[in-house]
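In: My questions concern the predicted model and sequence given below.
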Amino acid sequence: MKKGQTSKRGGIQDILFPMEYMNITQGNNGQYSHQGANALDLAGKDTGRDLFYAPFDVRCVATGDRNTEGNAAFWQSVNQVRFADGTVDYATIMVLHDNSLNGIYPGATYKQGAQIGQEGTAGNATGNHNHFEIAKGKFTHKYDLNKFGIYHLPRSISADQACFVDGTTILNANGMKWKKLADVQVGGASNGTVLNEIPSDFIKESATFYCNVDKINIRLAPSLKGQLTGDWYENGMSVKYDGYVKREGYVWISWISSKTKRRHWMAVGELNKNGYNTKPYGTFK
Ligand SMILES: [Zn+2]
């Protein structure tokens, strides 16, 4: 995920991979310090101290000391969230090695996409990275000890069963099988969340939209229930489109994505009672 990225489908937040660059320097059951544990060491671009973002709306439930616990931060989801294996439950994560726990204390809450950490070297760490574990269910206690003598987050699962990687650039996936949002349908594909063809109410118009609002999500159908692509347009960006529809009180422009070759949709203004776009989210030329 990128900073500020969010994803919610059917009222449930999707768990997003918590860094912009995936570079797994030690994976599950790693022989350096992860024996028998579902745990990842994440080194980002490896050119500095990459940021760590909230994979969903989080509340801090515990922290650990610097030397023996590597400034451990434990976060639980505020609500139930969707895992990449399609299940919905509470989620708990553990993040180690941030050099500072500023703003990280039991009770602190942050929204999905907000920074909640940064790579560091606190505790038993060689080189800047974050150690990351994720478990299904609410937080119960900080650690279990396995037969290899490794302390780990209770009930932790393999992170590729939890996190969607939309918005993340994968440098080193460590052989893991990561999913994107489009891989896990919500409520089935027939409910209008994906619309790849041109619908009957489509009005052809070749023009360019120049966004002047903070952020507009790109979807696979012209509906607030339309599946999110994980990408968006923000202030200063523009897109060439080939037509639009008016639905659900919005104008939705559409184009074929050069990246995915799929038809994409985006709300670009709000309609008044007479069906006119009286609150545009940018300009059209
Ligand atoms: Zn580790």
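Out: Nice, I can see it. Residues are numbered from 1 along each chain as shown.

In: Kindly state the beta-bridge partners for the residue of the stretch 51-200 of the chain found nearest the ion.
Out: Going by C-beta to the ion, the ion is nearest to residue 131 of the stretch 51-200 of the chain, at 3.5 Å. Every residue, glycine included, has its C-beta placed from N, CA and C. Counting by DSSP bridges, residue 131 is bridged to residue 41, residue 96.

In: Hmm, it is touching residue 117, no?
Out: No. Look at residue 131 against residue 117 with C-beta atoms under 8 Å: they stay out of range, at 10.6 Å.

In: Can you check which residues contact both of these two?
Out: Common contacts of residue 131 and residue 117 (C-beta atoms under 8 Å, 6 or more residues apart in numbering): residue 95.

In: Among these two, which residue is more densely surrounded?
Out: residue 117 (28 against 22; other C-beta atoms under 10 Å).

In: hey, where'd the helices end up in the stretch 1-150 of the chain?
Out: Under the criterion DSSP state H, counting those that start in this stretch, the stretch 1-150 of the chain contains helices at 66-69.

In: Contact distance from the ion - what residues of it qualify?
Out: Proximity of the stretch 1-150 of the chain to the ion, by C-beta under 5 Å from the ion, involves residues 41, 131.

In: which stretches of the stretch 51-200 of the chain have low pLDDT?
Out: 187-192 (pLDDT under 70).

In: That one: strands as residue ranges?
Out: 51-53, 58-63, 73-77, 81-82, 88-89, 91-96, 109-110, 115-118, 130-136, 144-145, 151-152, 156-157, 169-172 (DSSP state E, counting those that start in this stretch).

In: Switch these over to CSV; also include distance to residue 205.
Out: Converted to CSV, the strands of the stretch 51-200 of the chain look like this (distance: least, C-beta to C-beta, whole Å):
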stretch, distance to residue 205
strand 51-53, 37
strand 58-63, 42
strand 73-77, 42
strand 81-82, 36
strand 88-89, 39
strand 91-96, 43
strand 109-110, 41
strand 115-118, 40
strand 130-136, 45
strand 144-145, 59
strand 151-152, 56
strand 156-157, 47
strand 169-172, 34
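
In: Residue 35: which of the ones you listed is closest?
Out: strand 151-152 (9.8 Å; C-beta to C-beta).

In: partners of the closest one, with directions?
Out: Using DSSP bridges, the strands paired with strand 151-152 are strand 144-145 (antiparallel).

In: domain parsing for this structure?
Out: Using automatic domain parsing, the domain ranges for the chain come out as 8-181, 189-284.

In: if you compare the ones you listed, which one is most tucked away?
Out: domain 8-181 (a mean of 19; mean count of other C-beta atoms under 10 Å).

In: so how far is that one from its chain's centroid?
Out: 12 Å (C-alpha atoms, centre = their mean, to the nearest Å).

In: And that domain, end to end?
Out: Distance between the two ends of domain 8-181: 10 Å, counting by C-alpha to C-alpha, to the nearest Å.

In: Perfect, I'm done here.
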